[in-house]
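Chemist: No sequence on hand, only this structure:
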């Protein structure tokens with residue numbers, strides 16, 4: 001039986017996904033370009049040498065635009081792959097998107113393990129771009145329900161303070177909501193980037 005919190009999260013997912021999917025194509029293209037530019041302008045990104053991203057699917061922000069620039073900027077690119085045995089994300093270093101990726105779970109492009117070097121220590125990563133369906137200005141994030149990123153990032157918690165890497169979410173402005181119910185395992189982001197603004201969630205202010 002679903003708890004009240006789970007029911008609230010499920011309803012919020014459906015509502016926000018519907019809004020996201022209704023975004024007109026021409027606006028989506030323009031928004032994707034502006035979000036990418038805002039991400040690239042973050043000092044935290046510019047200073048990072050090793051960057052963890054994700055390959056987009058469906059109606060979410062087209063992170064592949066940013067991913068391509070990460071490689072062009074000469075940074076170490078890390079991408080996740082779902083490990084179906086552990087139900088967790090394994091991380092791999094990627095140098096060539098065409099030869100080292102293939103459609104995987106949910107048809108999302110994932111690293112081909114035979115062609116990539118695995119990254120064991122997430123502490124080598126200095127910048128993390130995380131996906132999500134809805135976000136609030138205090139850094140709360142509503143994912144797709146699998147808990148993959150919360151499990152991946154949990155070891156980075158230290159005495160309630162966030163250390164490196166910088167945790168960043170990117171999405172359309174329509175994905176920002178007033179409040180997202182949180183569970184103990186939920187991990188908040190430090191920055192929220194949309195086509196309209198870059199929100200410093202730690203300070204609950206804007207840059």
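Modeler: Received the coordinates, thanks. Note that the structure is a prediction, hence the values are computed from the model and not measured. Residues are numbered from 1 along each chain as shown.

Chemist: which residues of this protein fall in helices?
Modeler: 4-21, 25-40, 43-47, 63-72, 97-100, 148-153 (DSSP state H).

Chemist: can you list those in JSON lines and add mean pLDDT?
Modeler: Below are the helices of the chain laid out as JSON lines (pLDDT from 0 to 100):
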{"stretch": "helix 4-21", "mean pLDDT": "91"}
{"stretch": "helix 25-40", "mean pLDDT": "98"}
{"stretch": "helix 43-47", "mean pLDDT": "97"}
{"stretch": "helix 63-72", "mean pLDDT": "97"}
{"stretch": "helix 97-100", "mean pLDDT": "96"}
{"stretch": "helix 148-153", "mean pLDDT": "90"}
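
Chemist: okay if I get these as a markdown table plus distance to residue 200 and mean neighbour count?
Modeler: Heads up, the C-betas are built off the backbone N, CA and C, glycines and all. Output for these, formatted as a markdown table (distance: least, CB to CB, whole Å; neighbours: other CB atoms under 10 Å):
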| stretch | distance to residue 200 | mean neighbour count |
| --- | --- | --- |
| helix 4-21 | 22 | 14 |
| helix 25-40 | 13 | 16 |
| helix 43-47 | 11 | 14 |
| helix 63-72 | 19 | 18 |
| helix 97-100 | 31 | 13 |
| helix 148-153 | 19 | 19 |
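
Chemist: Tell me which of the ones you listed lies nearest to residue 106.
Modeler: For residue 106, the closest of these is helix 148-153, at 11.3 Å, according to CB to CB.

Chemist: Give me the contacts around the closest one.
Modeler: Outside helix 148-153, the residues that touch it by CB atoms under 8 Å, 6 or more residues apart in numbering are 80, 82, 87-89, 122, 128, 130-131, 141, 143, 167, 185-187.

Chemist: Which one (most neighbours) among the residues you listed?
Modeler: residue 128 (27 neighbours; other CB atoms under 10 Å).

Chemist: Wait, that one touches residue 170, no?
Modeler: No: Residue 128 sits out of contact with residue 170 when judged by CB atoms under 8 Å, with a separation of 11.2 Å.

Chemist: circling back to that earlier point, so which of the helices of the chain is nearest residue 197?
Modeler: Nearest of the helices of the chain to residue 197, taken as CB to CB: helix 25-40 at 8.0 Å.

Chemist: And for the closest one, what's in contact with it?
Modeler: 23, 45-46, 59, 61-62, 65-66, 69, 129, 168, 170-173, 193-198.

Chemist: Let me know the pLDDT of the most centrally placed residue in the chain.
Modeler: Nearest residue to the geometric centre of the chain (CA atoms, centre = their mean): residue 130, 1.3 Å. Reading off the confidence values, residue 130 has pLDDT 96.
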